[in-house]
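Enquirer: When you get a sec, could you give me coordinates for this:
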Amino acid sequence: MTEPDIPAQAPPRRVLVVEDDSVVLGLLVKILTEAGYQVTGVPTGEAALGELDKQLFDAVLLDLNLPGVQGMDVLSVGPTLQTDTPFIVMTAFGSVDTAVEAMKRGAFDYVSKPFRTEELLLTLRRAHEEAELRREVARLRRHVKEVGAAPEMVGRSAAMDRVRDLIARVAPSRATVLITGDTGTGKELVARSIHALSGRAEKSFVGVNCSAIPETLLESELFGHVKGAFTGAITNKRGLMEEASGGSLFLDEIGTVTQNIQVKLLRVLQERTIMRVGAREAVPVDIRLIAATNLDLAEEVRAGRFREDLFYRLSVFPVHVPSLSERPDDIPLLAAYFLRRAAAEHQVSPPTIPPTTMQRLMEYEWPGNVRELENFIERSVIMHAGSKTIPFDPGEGLHRRREHDLLKSAREERWDLDRLEREYILSVLDDVAGHQGRAAEILGIDRRTLYRKLKRYRGDVDGDEPDDLGDEPEASEVETG
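Expert: As a prediction, the model looks like this:
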């Protein structure tokens with residue numbers, strides 16, 4: 001039995017209280033602390049801007065009537081330091097005009113003095129909910145822009161059934177998952193499935209391709225930074241680990257991260273805290289970490305490129321995603337799925353995949369795995385728009401079976417002449433992108449003979465038998481394969 005994924009208790013929200021009256025300030029700190037908040041209290045606007053410059057807050061409770069730097073001045077400058085932090089202003093009873101002006105300048109809401117505890121706490125809750133909603137909308141927009149909607153998991157092979165079984169077992173647990181597999185096998189799809197079936201499904205899934213971001217930027221992206229931590233850090237910034245709080249963080253290509261990042265990731269897994277770049281105070285985080293790699297991490301450990309302690313922390317529950325060559329029976333299902341999707345996306349009538357083409361798809365090794373198959377189908381839909389069928393047109397990126405490969409296979413597998421002729425004819429058709437006229441010319445036979453051979457091989461030739469523009473073939477040429 002796996003342990004249910006009951007997310008750890010969320011870290012306390014941090015509130016900055018700015019109030020020059022020491023009695024009121026002490027009372028507010030006491031009320032909010034008892035309500036579960038982590039409170040920082042300061043008596044002046046200057047001190048408030050200093051705190052906003054040093055650390056991130058979930059909300060600011062701001063008195064407008066302050067000595068020196070006024071509350072309105074703090075309200076004007078504060079949001080430039082922390083763009084997603086809600087400001088709630090406090091004003092004397094009856095100063096509605098001042099409160100309205102504050103809201104025009106960006107305040108979330110206001111409370112009147114003397115305040116009621118219930119009203120104050122309700123306003124803070126509303127501020128937090130709206131801030132979380134805005135962050136979630138921003139995350140969704142970024143996700144749609146960068147990766148689009150996640151495709152469904154297609155395949156009925158035993159290998160894919162095994163993957164689904166592992167996903168179902170680990171998803172409800174708290175375990176860290178390491179997903180392995182070749183490039184293009186669908187590791188991110190597995191990670192999304194784990195998140196969707198977990199107790200964190202209602203929270204964020206944040207994905208990061210570690211190999212696509214330089215080390216210095218990756219550290220800031222993951223852990224966040226404080227203003228002035230490095231050139232260009234003009235404001236405080238929450239990292240993606242905080243963005244994923246309560247949800248799942250997916251680190252793709254984990255094997256490419258540097259030793260420095262590995263140490264920081266180990267600390268996250270051990271202590272469930274992060275340290276923003278340039279900060280001195282650790283911040284608690286509640287995330288489920290899912291990592292993926294196409295490298296052999298055990299070999300990377302032996303070579304000294306990956307920390308052994310981090311490797312064991314990551315591989316609590318390994319899930320291997322099979323390559324497409326390990327599940328060829330899934331190719332027809334995947335090809336049909338990608339065909340429908342590509343036709344709908346490009347608004348064309350979907351062609352069919354004839355049996356000859358399907359056989360070639362299943363014989364091909366697909367070193368780029370599912371992603372390569374998807375790209376091939378989409379390219380074919382575009383290139384052959386309006387056609388009834390699509391040929392197996394490998395293109396420059398695919399590895400074609402050459403003549404010496406055919407002869408080698410024929411010897412090893414003891415093909416008869418019919419099989420050898422069929423494979424050679426189909427190989428020539430591959431080379432000319434399915435153009436029967438050019439294929440017939442290369443093969444030294446007329447188009448009618450080629451048509452009849454293809455018809456007999458698979459019964460997938462469309463249209464009427466073509467008019468033969470050449471001489472009538474010799475009897476020995478007809479129907480020999």
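
Enquirer: Every contact and neighbour count from this point should use C-alpha atoms.
Expert: Will do.

Enquirer: looking at it, V163 is touching P318, isn't it?
Expert: No - using CA atoms under 8 Å, V163 makes no contact with P318, being 10.5 Å away.

Enquirer: how deep is N375 tucked in, by neighbour count?
Expert: 14 (other CA atoms under 10 Å).

Enquirer: And it, what's its pLDDT?
Expert: In this model, N375 is scored at 91, pLDDT.

Enquirer: Buried residues in the one helix or strand it maps to, which are they?
Expert: N375 is located in helix 369-383, with elements delineated by DSSP states H and E. Across helix 369-383, burial judged by 16 or more other CA atoms under 10 Å covers 369-370, 372-374, 376-378, 380-381.

Enquirer: How about stretch 382-389?
Expert: 385, 389.

Enquirer: what's the burial count for D418?
Expert: Neighbours of D418 using other CA under 10 Å come to 11.

Enquirer: no wait, L417
Expert: Counted with other CA under 10 Å, L417 comes out at 12.

Enquirer: Quick one: mean pLDDT over the helix or strand where R313 lies.
Expert: Assigned by DSSP H and E, R313 falls within helix 308-314. Mean pLDDT, helix 308-314: 94.

Enquirer: quick revisit: which one of the buried residues of helix 369-383 sits closest to I442?
Expert: S380 (23.4 Å; CA to CA).

Enquirer: Nearest residue to that closest one in space, please, no chain neighbours.
Expert: I390 (6.4 Å; CA to CA, 6 or more residues apart in numbering).

Enquirer: burial count for the one you found?
Expert: So I390, with other CA under 10 Å, has 23 neighbours.

Enquirer: export the buried residues of helix 369-383 to JSON lines and tack on distance to D418?
Expert: Shown next, in JSON lines, are those (distance: CA to CA, whole Å):
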{"residue": "N369", "distance to D418": "31"}
{"residue": "V370", "distance to D418": "32"}
{"residue": "E372", "distance to D418": "31"}
{"residue": "L373", "distance to D418": "29"}
{"residue": "E374", "distance to D418": "32"}
{"residue": "F376", "distance to D418": "29"}
{"residue": "I377", "distance to D418": "30"}
{"residue": "E378", "distance to D418": "33"}
{"residue": "S380", "distance to D418": "29"}
{"residue": "V381", "distance to D418": "32"}
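
Enquirer: Show the residue spans covered by the strands in this protein.
Expert: Along the chain, counting by DSSP state E, strands occupy 14-18, 38-42, 59-63, 87-92, 109-113, 177-180, 205-209, 248-252, 273-274, 283-284, 288-293, 317-320.

Enquirer: lowest confidence element among the helices and strands of the chain?
Expert: Ranked by mean pLDDT, DSSP states H and E, the weakest helix or strand in the chain is helix 403-413, scoring a mean of 67.

Enquirer: count of residues packed around A229?
Expert: A229: 16 surrounding residues under other CA under 10 Å.

Enquirer: again, but for A175
Expert: The burial count for A175: 20, using other CA under 10 Å.

Enquirer: what separates it from P391, distance-wise?
Expert: Separation of A175 from P391 (CA to CA, to the nearest Å) stands at 46 Å.

Enquirer: quick one: H128 and D58 touch, right?
Expert: Yes - between H128 and D58 there is a contact under CA under 8 Å: 7.1 Å.

Enquirer: list residues touching both of those two?
Expert: Residues touching both H128 and D58 (CA atoms under 8 Å, 6 or more residues apart in numbering): P86.

Enquirer: Which one's more surrounded, these two?
Expert: It is D58, of H128 and D58, that has more neighbours when counted by other CA under 10 Å, with 21 against 17.

Enquirer: Can you tell me the closest non-neighbouring residue to that one?
Expert: R14 (5.2 Å).

Enquirer: so who does V17 touch?
Expert: Here V17 is in contact with 25, 28-29, 39-42, 60-62 (CA under 8 Å, 6+ apart).

Enquirer: any idea which of those residues has the most stuff around it?
Expert: Counting by other CA under 10 Å, top hit in those: L62 with 29 neighbours.

Enquirer: Check the gap between that one and G71 for me.
Expert: To G71, L62 is 7 Å away according to CA to CA.

Enquirer: With S173 instead?
Expert: 47 Å.

Enquirer: what about these two, which has more around it?
Expert: G71 (24 against 20).

Enquirer: so that one makes contact with L49?
Expert: No - the criterion here is CA under 8 Å, and G71 misses it with L49 at 10.5 Å.

Enquirer: beta partners of K237?
Expert: H225 (DSSP bridges).

Enquirer: residues contacting Q270?
Expert: Q270 is in contact with no residue at all, counting by CA under 8 Å, 6+ apart.

Enquirer: ok, L314 - contacts?
Expert: So L314 contacts 176-178, 290-291 (CA under 8 Å, 6+ apart).

Enquirer: Which pLDDT value goes with S193?
Expert: pLDDT at S193 comes out at 92.

Enquirer: Pull the number of nearby residues for it.
Expert: 19.

Enquirer: And T216, by the same measure?
Expert: So T216, with other CA under 10 Å, has 11 neighbours.

Enquirer: Where do the helices of the stretch 151-300 of the chain begin and end?
Expert: Secondary structure of the stretch 151-300 of the chain (DSSP state H, counting those that start in this stretch): helices located at 158-170, 187-196, 215-223, 240-243, 259-271, 297-302.

Enquirer: I'd like to know which of the ones you listed is closest to D97.
Expert: Nearest of these (CA to CA): helix 240-243, 36.2 Å.

Enquirer: so how far is stretch 257-274 off the chain centroid?
Expert: 21 Å (CA atoms, centre = their mean, to the nearest Å).

Enquirer: which parts of that stretch are buried?
Expert: Buried positions in stretch 257-274, judged by neighbour count with 16+ other CA under 10 Å: 257, 261-262, 264-266, 268-269, 272-274.

Enquirer: low pLDDT regions in the stretch 151-300 of the chain?
Expert: 151, 231-234 (pLDDT under 70).

Enquirer: one more time with 50, if that's ok
Expert: Residue ranges of the stretch 151-300 of the chain with pLDDT under 50: 151.

Enquirer: who's in contact with H384?
Expert: Counted by CA under 8 Å, 6+ apart, H384 has contacts I390.

Enquirer: what pLDDT does it get?
Expert: For H384, the model assigns a pLDDT of 79.

Enquirer: got it, and W366?
Expert: For W366, pLDDT reads 88.

Enquirer: Show the contacting residues for it.
Expert: 324-325, 372-373, 398.

Enquirer: out of everything not next to it in sequence, what's closest to the most centrally placed residue in the chain?
Expert: The residue lying closest to the centre of the chain (CA atoms, centre = their mean) is G207, at 4.2 Å. Of all residues not flanking G207 in the chain, F250 sits nearest, at 4.5 Å (CA to CA, 6+ apart).

Enquirer: Correct me if wrong: the one you found contacts C210.
Expert: No - F250 is beyond contact range of C210, at 9.8 Å (criterion: CA under 8 Å).

Enquirer: that older thread, bridged to the residue nearest to G207, which residues?
Expert: Listed by DSSP bridges, the beta-bridge partners for F250 are G207, I290.

Enquirer: any idea how far V17 is from D58?
Expert: Remark: distance between D58 and V17 (CA to CA) = 11 Å.
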